[in-house]
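In: Sequence first, predicted model second:
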Protein chains: 2
Amino acid sequence: MIARVLSAELPSHVGERVRVAGWVHRGRELKSVTFVVVRDRSGLTQVVTSGPAPSEETVVEVTGLVTANPKAPGGVELTEPVLTVLGEAVVPPPFDLYRPTVPATLPTILDSAPVSLRHPLLRARFEISAASVAGFRSALDGLGATEIHTPKIVGSATESGANVFGIDYFGRKAFLAQSPQFFKQAMVGVFERVYEVGPVFRAEPHDTARHLAQYTSLDAEIGFIADHRDVMAVLREAIAGMLSSVAARSEAVALLKAELPEVPAEIPAIHFAEAQKLLGGKDEIDLAPADERWLSEWALREHGSDFLFVTGYPMAKRPFYTHPSPEDPNYSNSFDLLFRGLELVTGGQRLHRHADYLAALAQRGESPEAYQSYLAMFAHGMPPHGGFAIGLERWTARLLGVANIRQTTLFPRDLHRLTP
Amino acid sequence: MIARVLSAELPSHVGERVRVAGWVHRGRELKSVTFVVVRDRSGLTQVVTSGPAPSEETVVEVTGLVTANPKAPGGVELTEPVLTVLGEAVVPPPFDLYRPTVPATLPTILDSAPVSLRHPLLRARFEISAASVAGFRSALDGLGATEIHTPKIVGSATESGANVFGIDYFGRKAFLAQSPQFFKQAMVGVFERVYEVGPVFRAEPHDTARHLAQYTSLDAEIGFIADHRDVMAVLREAIAGMLSSVAARSEAVALLKAELPEVPAEIPAIHFAEAQKLLGGKDEIDLAPADERWLSEWALREHGSDFLFVTGYPMAKRPFYTHPSPEDPNYSNSFDLLFRGLELVTGGQRLHRHADYLAALAQRGESPEAYQSYLAMFAHGMPPHGGFAIGLERWTARLLGVANIRQTTLFPRDLHRLTP
């Protein structure tokens, strides 16, 4: 059997008989001729045949003669075809996959994800997502970081008592990890610089456009930093790596009309207290979504940047392991990265001295017993360190300008959805 | 402040004052001189000083003069040092991290993982593990596959009713996914070729050296195959990619005295029925661990290969979605890959026609209702496809010749262990 050729490769095979394979993207029966457009992972092939076209989404294999035709997609088409059905479509798709836009509502798309994601526009989002992850890893690899894989089942719901999923673990109570925070800190003690790409779980009781019960977290943690600004510099490299990898997927970028942002060599940063002044003399301990939007617009106007670091969030709004600012202990060595109006990344410097952890827990009225396994590592010598976490689905949604995070999740899990 | 230099970079800085940072690996106070060996992510630096050495695992920063000394590790040492403590070690490590072998039992190592994994021998295993994953991805990327991220929370325990962890999902019953099987098949319908590196969960009630409650699965699924042999060819590329990436970590390989296997251009394969004959005319439906060992030795003897495919396992031992052999429907288009005496990978061709799924479920007396969301995709046209899953921890253990899979898991989860 002759080797399969991809649609995108056809222009270099004009005059040859080749074999293509894919899904019947569209069939059009005219009076004297039938056009069958076959979709494979690289693009579309027009097959010129006669008689009835197979129903859409049927999987076919076609051998035929590659013939130049300036009017056909890619400038070539297959003539004199022999068409074989490999996999029948016995039910029509929930909407026409060949239309240039997606004529379906989000629930319809999600309910029928295995077929609806075949629409080139929907599929392209997940090419961008995959490229982003590859770029993240490549940037961290380039900085000498080591990839780790940590437990998603944990013995105590330490980081935040609320919003955790409970598991029956061999008759004991356990929980799904909300983040690899403690493990990645521990691995700084081993590898200095680590990253993990993996699922994290939040029992989010809210049904919003930006929360999921499971999402993919791009986590990094870096040792031997001076302070949070070194972490911000690593994050800048990670984002630049993600965008450079995305840019290389030029077809998906063009299809989605994605406007890729520039990453400034140094992303502008504003201190939380300064941001409060800009926002009209506010005195809050966190930024409201409207504040994030306003600050993003300000950063674009003043600095021409789609990205803005807000640094020094009040300690009261940060977890107990956050390193306070040496200048004013009410503020922290932490940051958020805003991207086009939305908080995309949270990060900062962590405490690294055992005594500081004990003091921080005591100050919050928490018992060190609950954190025993976590605290132990700090008794063994830990360097100043910090890190961040990027939500993959949120990143892709913001980058592509889609409104709902479910649109950048293959099979979302939320308050109501457990299938497909 | 002068930029930090890594231990491994020192030989190119002889005569300069530099700054290094790391953990006090070992302190030795002699009569007239004190040697402090500092460990960083790249290796060791000997610091020549006087007076008491900081306690082991203290994190220090040292500025000093890089001085040639053929007797020192790497041929250089730091003299005229100024030493600053960055993070105190207030508790000694559970065993000496500087000894060339690990003087501790597995429970001690696991109980104190955040510090015991700092031992260069234990740390190196996870460099090999990270390199393996990078090589897997690189091989699959090279074959045009797309990386995916799928749900770890599923609505029904379909693939195997037993050994699943139950979750309280917003008041409903849900389960932790035992594999991304159904999702990766669905994504073949979208991307043709996909892979996922992620956690899978098995409520293994057995306390053995080769089972974990969570492990990292390297999953691939490939569309438009002729049969399972095309999947085996992809697996061969994946394994070769993993080994080539591991080989590049030459220091870790040398430290661990790892003997990396050759991957034959075509890995030898034996049909299950043929294997039964070789094993002395057995008539079983699966291979016992002793059979796997015997067959591996046979492959090494007969073919000079550390790898052996066993193909055509009886349908009775394979999941319902397995494609039967066209020659004899009692056997399947499936395979296991044995590596040095152990089953390392399971894979095969899957059914791809909707009617075949309905028939397979009916034959096993199972109702299609339980699989409704899974079956739906096959009604929309699916190509012949197949795939495999490699257990990362098992791979690394076998490659490095360590006996217990917990030794290649950062923070293992099993019947008894939920911390650290």
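Out: Noted; the coordinates are in hand. Numbering: from 1, shown residues only, chains lettered A, B, ... in the order given.
In: next SSE after the strand or helix carrying A:K277?
Out: Secondary-structure element containing A:K277, defined by DSSP states H and E: helix A:272-278. Next in sequence after helix A:272-278, counting helices and strands by DSSP H and E, comes helix A:289-303.
In: just the strands in the stretch 51-200 of chain A please.
Out: Counting by DSSP state E, counting those that start in this stretch, the segments of the stretch 51-200 of chain A that form strands are A:59-68, A:76-87, A:146-147, A:153-154, A:166-169, A:172-176, A:193-201.
In: Tell me if the last one is near chain B.
Out: Same thing as strand A:193-201. Yes - remark: strand A:193-201 sits within contact range of chain B at A:193, A:197-199, A:201, by C-beta under 8 Å from any C-beta of the partner chain. Every residue, glycine included, has its C-beta placed from N, CA and C.
In: in its sheet, what does that strand sit against?
Out: Here the strand partners of strand A:193-201, with direction, are listed using DSSP bridges: strand A:146-147 (parallel), strand A:214-223 (antiparallel).
In: between that strand and strand B:172-176, how many degrees?
Out: Put simply, strand A:193-201 runs at 150 degrees to strand B:172-176, going by axes from the mean of the first three to the mean of the last three C-alpha atoms, to 10 degrees.
In: Can you list the buried residues in strand A:193-201?
Out: In terms of neighbour count (16 or more other C-beta atoms under 10 Å in any protein chain shown), strand A:193-201 has its buried residues at A:193-201.
In: what are the C-alpha coordinates of it, in CSV please?
Out: Taking only C-alpha atoms (Å, rounded to 0.1, in the frame of the first residue of the first chain), the coordinates of strand A:193-201 have been written out as CSV:
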residue,chain,number,x,y,z
ARG,A,193,14.6,25.2,40.2
VAL,A,194,11.6,23.1,39.3
TYR,A,195,8.4,23.2,37.4
GLU,A,196,5.3,21.1,37.0
VAL,A,197,2.5,21.0,34.5
GLY,A,198,-0.5,19.2,36.0
PRO,A,199,-4.1,19.2,37.1
VAL,A,200,-5.2,21.0,40.2
PHE,A,201,-8.6,20.7,41.8
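In: anything in the longest helix seen in chain A near chain B?
Out: Taking residue count as the measure and DSSP state H as the definition, the longest helix of chain A comes out as helix A:120-142. Yes - between helix A:120-142 and chain B, judged by C-beta under 8 Å from any C-beta, the touching residues are A:123, A:126-127, A:129-130, A:133-134, A:137, A:141.
In: Okay, now the unreliable bits of chain A?
Out: A:1, A:158-161 (pLDDT under 70).
In: any residues touching the host helix or strand of A:A389, and which ones?
Out: Under the criterion DSSP H and E, the helix or strand holding A:A389 is strand A:385-391. The contact list for strand A:385-391 (C-beta atoms under 8 Å, 6 or more residues apart in numbering or on different chains) reads A:136, A:179, A:184-185, A:188, A:215-225, A:227-228, A:230-231, A:234-235, A:238-239, A:323, A:333, A:337, A:344-350, A:352.
In: how does it look with 7 Å?
Out: Contacts to strand A:385-391, defined as C-beta atoms under 7 Å, 6 or more residues apart in numbering or on different chains, come from residues A:179, A:184-185, A:188, A:215, A:217-223, A:225, A:228, A:231, A:235, A:344-350, A:352.
In: Please report how far A:V231 lies from A:Q178.
Out: From A:V231 over to A:Q178 the distance is 20 Å, taken as C-beta to C-beta, to the nearest Å.
In: With neighbour numbers in mind, choose between those two.
Out: In this view A:V231 and A:Q178 are compared by other C-beta atoms under 10 Å in any protein chain shown, and A:V231 has more residues nearby, 25 against 21.
In: my guess is the more buried one contacts A:G223, does it?
Out: No - shown here, A:V231 and A:G223 do not form a contact pair, counting by C-beta atoms under 7 Å, at 10.6 Å.
In: Tell me where chain A has helices.
Out: Listed in chain order, the helices found in chain A under DSSP H are A:106-111, A:113-116, A:120-142, A:181-191, A:228-247, A:250-255, A:272-278, A:289-303, A:354-363, A:372-376, A:392-400.
In: okay, the strands of the stretch 51-200 of chain A in a markdown table with distance to B:A104 next?
Out: Supplementary listing: the strands of the stretch 51-200 of chain A in a markdown table, determined by distance: least, C-beta to C-beta, whole Å:
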| stretch | distance to B:A104 |
| --- | --- |
| strand A:59-68 | 56 |
| strand A:76-87 | 55 |
| strand A:146-147 | 22 |
| strand A:153-154 | 24 |
| strand A:166-169 | 26 |
| strand A:172-176 | 26 |
| strand A:193-201 | 23 |
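In: Which one of the ones you listed lies nearest to A:E29?
Out: strand A:76-87 (13.9 Å; C-beta to C-beta).
In: in the closest one, what counts as buried?
Out: A:76-78, A:81, A:83, A:86-87.
In: right, and A:R340 touches A:R398 too?
Out: Yes - with contact defined as C-beta under 7 Å, A:R340 counts as touching A:R398 (5.4 Å).
In: Number of residues surrounding A:A273?
Out: The burial count assigned to A:A273 is 15, neighbours taken as other C-beta under 10 Å.
In: try A:D207
Out: Using other C-beta under 10 Å, A:D207 has 10 other residues around it.
In: ok, now how distant is it from A:I109?
Out: Using C-beta to C-beta, one obtains 17 Å as the distance from A:D207 to A:I109.
In: Kindly report the same for A:E259.
Out: Note on A:E259: its distance to A:I109, by C-beta to C-beta, is 23 Å.
In: which one of the two has more residues nearby?
Out: For A:E259 versus A:I109, neighbours defined as other C-beta under 10 Å are more numerous around A:I109 (19 against 11).
In: Compute the distance between that one and A:R210, please.
Out: With C-beta to C-beta as the criterion, A:I109 and A:R210 are 18 Å apart.
In: which one of the buried residues of strand A:193-201 sits closest to chain B?
Out: Distance ranking of the buried residues of strand A:193-201 against chain B, using C-beta to the nearest C-beta, places A:P199 first at 5.2 Å.
In: isn't A:E292 right up against A:L344?
Out: No - A:E292 is not in contact with A:L344 according to C-beta under 7 Å; the separation is 9.8 Å.
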